[in-house]
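Engineer: Compute the structure for the input listed below.
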Amino acid sequence: MLETPILDAGLGDADDDDFDGAVEVFDEQLPENRYLDRELSWLAFNQRVLELAEDPDLPLLERSNFLAIFASNLDEFFMVRVAGLRRRIVTGLAVPTNVGRAPADVLADISDEAHRLQLRHAEAWTSQVRPALTEAGIDVLTWGDLDEGEQAFLYDYFQKQVFPVLMPLAVDPAHPFPYISGLSLNLAIRIRNARTGRQEFARLKVPAMLPRLVELPGDGERLRYLPLEELIANHLGDLFPGMEVLDHHAFRLTRNEDVEIEEDETENLIQALEAELLRRRFGPPIRLEITDDMDDVTLDLLLKELDITEQQVYRLPGPLDLRGLFELSRIDRPDLRYPPHVPTTAIAFQPGDNNERADIFAAIRKADVLVHHPYESFTTSVQAFLEQAARDPHVLAIKQTLYRTSGDSPIVQALIDAAEAGKQVLALVEVKARFDEANNIVWARKLEKAGVHVVYGLVGLKTHCKLVNVIREEDGVLRSYSHIGTGNYNPKTSRIYEDLGLFTVDDQVGRDLTRLFNELSGYAIEKKFKRLLVAPLHLRKGLLRLIDKERRNAAAGKPARIRIKVNSMVDEQIIDALYRASQAGVPVEIWVRGICSLKPGVEGMSENITVRSVLGRYLEHSRIFSFLNAGDPQVYIGSADMMHRNLDRRVEALVRVTAPAHITELESLFDLAMSDGTSTWHLGPDGEWIRHAVDADGRRLVDLQDRTMANVQRRRRARAVR
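Structural biologist: The predicted structure is shown next:
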């Protein structure tokens, strides 16, 4: 991909004054086998999700939801990571992985582990969660479980609601093998012509727009469901009158659905992306899931027509596609769910004595405000900030990045309202946000029609940073109100994603954001950022300097410590720097949700590094970087993970948190996460994650997310008392 001269001119260049000393070059070599494979580490992450589904102490409907999350996660892993690896092997572009293994060998390891996990996933549903649901009064049935009255009711439902939208497709000399769409659930059907005795094959797609779980009339005490494919499979005779239905089996295909755009500065990005989205539907097959009772004749036909290998076939007990369990989330059974957590309004944004709406700008002027979602409300902080900016006559301009947002986004509506009110509004919409491309194109065009200045980022890069800059006139002076976050401006996901955001009226942050937005939308070449670290050119360099400073402090006998919370820890330069710091005696604490290629606890290399993972009701999503700095902590929050794409191919931004109370709050989060009394997974040097959920006496350890919610609410009560 091409890079513009703007990027080469220094997007994200930090002042050298902010970092004293260069990173030292080392002669001695670290061990060659010092990394864990990133793909297998991702599968280990999804295994941790599965372990939550298997935990009998968790609420039952939450366990069912974790089974659906596992299935959805694995689909995306195959569509993107496995597809990309297979494409590079086929095209001859594959190079040895960071663990020094041939890509074909890694692909074989992925296949073995994915087969094992998918069978374990199916077993968790069949032997654990489904029986427990039955015991709790929620039945997911087979056709044979129904009495005659129930079967008659469902036949009537089939005739009225299902049969009219079914489209059986024959395969014969006049009808070529049909296109099988990615992630669709299908029935492979063998039939015999009663007149000729000839056997034929047909494919039937299970309609995705219908409920996957068909509810039967209940008695008020039990909920009863039949999978849609069961209903269809038991009425195939209606679809093939005069034919004998010999056999049927469910199957499901996963295709390569990663979007790759070869960007050129002269082309229209939206048009190129729309063409690529159309191509995505026809990506090559990556995985074929079949029920374990499929006969060889049917399987051989699928293998031949789909051009897929045995290694890519996953034989599983039915039902396939357990994403359908998401539908159970609509069941009104509070006793089978996590106890409710009600987000509180951040203390700084609390309503006044007469319960009037808080003045967000006045609150930010008093002091920086750090908000922690979903413990603190997104609606009464970020959304309220933008809505107040849209209607405030003193606000002259709003600039914002949008990576992902909800379909009925009040954030987008606030930008539209601001533009229609005559304010200058700039929205940088990242139309290349994976699997949200089509939605973002729709929103970009809607914003443009309302008069918003819409830009689509920089050639060759994704704009992933989370930034808002509001320019307000106050007593004849322009003042910048800024928000820098770790998560997307999405009101829906803000209820389940754990994220942080900093509101500030600091002039330096305002100048930094003004310069950064100018680089993103125009042709500015300003290099100097004071409180920001910005990728792609200088975020990694800045972090390496901070890590190396801790190493030098430890060598000099000064207090030193590194704490990093990210979604993924993959970048080799960052990992090697952390190994060097550990060798110098620096305690390094890594809190990672997903992938971790770093090996902790290796004598002589990483014995001072500990790695923990937290999974639960919320998806841990914030990124925090904390450096003790000989007693003068430097702490950053922002959008960047420690991955090549984030540090090299994305625009990312970290902001330095300076308020002592905010630093204390973030350090307290780490204290809780790294405590042996908290329920976490511990990573060993062999790449194995061990769950620590109970103490030696069998008592449940502290749930970090429950404790954090309690802490936030306690602070609010304490403030109310004062």
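Engineer: which stretches of this protein have low pLDDT?
Structural biologist: Counting by pLDDT under 70, the chain contains low-confidence residues at 1-28, 94-98, 172-175, 258-282, 405-407, 431-440, 457, 523-527, 719-722.
Engineer: so what secondary structure elements neighbour the lengthiest helix in it?
Structural biologist: The residue-count maximum for a helix in the chain (DSSP state H) belongs to helix 103-123. For helix 103-123, the contact count by 3 or more CB pairs under 8 Å, 6 or more residues apart in numbering; DSSP states H and E identifies helix 38-53, helix 60-76, helix 83-91, strand 313-316 as packing neighbours. Backbone N, C-alpha and C define where each C-beta goes, glycine included.
Engineer: of all those, which lies closest to Lys366?
Structural biologist: helix 60-76 (39.4 Å; CB to CB).
Engineer: Any idea how far the closest one is from the middle of the chain?
Structural biologist: 13 Å (CA atoms, centre = their mean, to the nearest Å).
Engineer: Pull out the buried positions in that helix.
Structural biologist: 60-75 (16 or more other CB atoms under 10 Å).
Engineer: which residues touch it?
Structural biologist: Residues from elsewhere that reach helix 60-76, judged by CB atoms under 8 Å, 6 or more residues apart in numbering: 46, 49-50, 52-55, 58, 114, 117-118, 121, 124-125, 128-129, 132-133, 136, 183, 254, 321-326, 328-329, 331, 333, 336-338, 435, 617.
Engineer: Buried ones among these?
Structural biologist: Looks like those have 46, 49-50, 52-54, 58, 114, 117-118, 121, 124-125, 128-129, 133, 136, 183, 254, 321-326, 328, 331, 336-338, 617 buried, using 16+ other CB under 10 Å.
Engineer: mind giving me the domain split of the protein?
Structural biologist: Domain ranges of the chain: 5-30+534-721, 38-336, 347-530, per automatic domain parsing.
Engineer: longest single strand anywhere in the chain?
Structural biologist: strand 243-255 (DSSP state E).
Engineer: Tell me which residues of that strand come out buried.
Structural biologist: Met243, Val245, His248, His249, Ala250, Phe251, Arg252, Leu253, Thr254, Arg255.
Engineer: Over to stretch 483-496?
Structural biologist: For stretch 483-496, by 16+ other CB under 10 Å, it's His483, Ile484, Gly485, Thr486, Gly487, Asn488, Tyr489, Asn490, Pro491, Thr493, Ser494.
Engineer: chain center to it, what's the gap?
Structural biologist: 12 Å.
Engineer: what does stretch 159-179 give?
Structural biologist: Its chain's average C-alpha position is 36 Å from that of stretch 159-179, according to CA atoms, centre = their mean.
Engineer: Please apply the same query to stretch 488-503.
Structural biologist: Centroid separation for stretch 488-503 versus its chain: 12 Å, with CA atoms, centre = their mean.
Engineer: Settle this for me: Asp238 is touching Leu166, isn't it.
Structural biologist: No. Here Asp238 does not reach Leu166: they are 9.1 Å apart, not a contact under CB atoms under 8 Å.
Engineer: So these two - more neighbours on which side?
Structural biologist: Leu166 (18 against 14; other CB atoms under 10 Å).
Engineer: Settle this for me: the more buried one is touching Pro207, isn't it.
Structural biologist: Yes. Counting by CB under 8 Å, Leu166 touches Pro207, with 7.0 Å between them.
Engineer: quick one: secondary structure of the most far-flung residue of the chain relative to its centre?
Structural biologist: The outermost residue of the chain, judged against the average C-alpha position, is Arg195 (54.5 Å), by CA atoms, centre = their mean. Assigned state for Arg195: coil (three-state reduction, DSSP: H, G, I helix; E, B strand; the rest coil).
Engineer: Export the helices and strands packed on helix 103-123 as a markdown table, with columns for distance to Pro103.
Structural biologist: As requested, the helices and strands packed on helix 103-123 are exported to a markdown table (distance: least, CB to CB, whole Å):
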| stretch | distance to Pro103 |
| --- | --- |
| helix 38-53 | 10 |
| helix 60-76 | 20 |
| helix 83-91 | 5 |
| strand 313-316 | 20 |
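Engineer: Which of these sits closest to Glu473?
Structural biologist: Nearest to Glu473, of all those, is helix 60-76, at 45.6 Å by CB to CB.
Engineer: For the closest one, list the C-alpha coordinates in CSV.
Structural biologist: Output in CSV follows, covering the C-alpha atoms of helix 60-76 (Å, rounded to 0.1, in the frame of the first residue of the first chain):
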residue,chain,number,x,y,z
LEU,A,60,-27.0,-20.3,33.0
LEU,A,61,-28.1,-17.9,30.3
GLU,A,62,-24.7,-16.2,30.5
ARG,A,63,-23.1,-19.6,29.9
SER,A,64,-25.3,-20.0,26.9
ASN,A,65,-24.3,-16.6,25.7
PHE,A,66,-20.6,-17.4,26.0
LEU,A,67,-21.1,-20.5,23.8
ALA,A,68,-22.6,-18.2,21.1
ILE,A,69,-19.7,-15.7,21.6
PHE,A,70,-17.2,-18.6,21.1
ALA,A,71,-18.9,-19.6,17.9
SER,A,72,-19.0,-16.0,16.6
ASN,A,73,-15.3,-15.4,17.5
LEU,A,74,-14.2,-18.6,15.8
ASP,A,75,-16.1,-17.7,12.6
GLU,A,76,-14.2,-14.4,12.4
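Engineer: If you compare the directions of it and helix 38-53, what angle comes out?
Structural biologist: Here helix 60-76 runs at an angle of 160 degrees relative to helix 38-53 (axes from the mean of the first three to the mean of the last three CA atoms, to 10 degrees).
Engineer: got the angle between helix 60-76 and strand 243-255?
Structural biologist: Using the same axes, to 10 degrees: helix 60-76 against strand 243-255 is 80 degrees.
Engineer: CA-only coordinates of the helix or strand encompassing Gly510, as CSV, when you get a sec.
Structural biologist: Secondary structure from DSSP states H and E places Gly510 in helix 507-521. Extracted in CSV, the C-alpha atoms of helix 507-521 (Å, rounded to 0.1, in the frame of the first residue of the first chain):
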residue,chain,number,x,y,z
ASP,A,507,-4.6,23.9,26.0
GLN,A,508,-1.7,21.6,25.0
VAL,A,509,-4.0,18.7,24.4
GLY,A,510,-6.2,21.0,22.3
ARG,A,511,-3.3,22.1,20.2
ASP,A,512,-2.2,18.5,19.8
LEU,A,513,-5.6,17.5,18.5
THR,A,514,-5.9,20.5,16.2
ARG,A,515,-2.6,19.6,14.6
LEU,A,516,-3.5,15.9,14.4
PHE,A,517,-6.9,16.6,12.8
ASN,A,518,-5.2,18.9,10.3
GLU,A,519,-2.8,16.0,9.3
LEU,A,520,-5.8,13.7,9.0
SER,A,521,-7.9,16.0,6.9
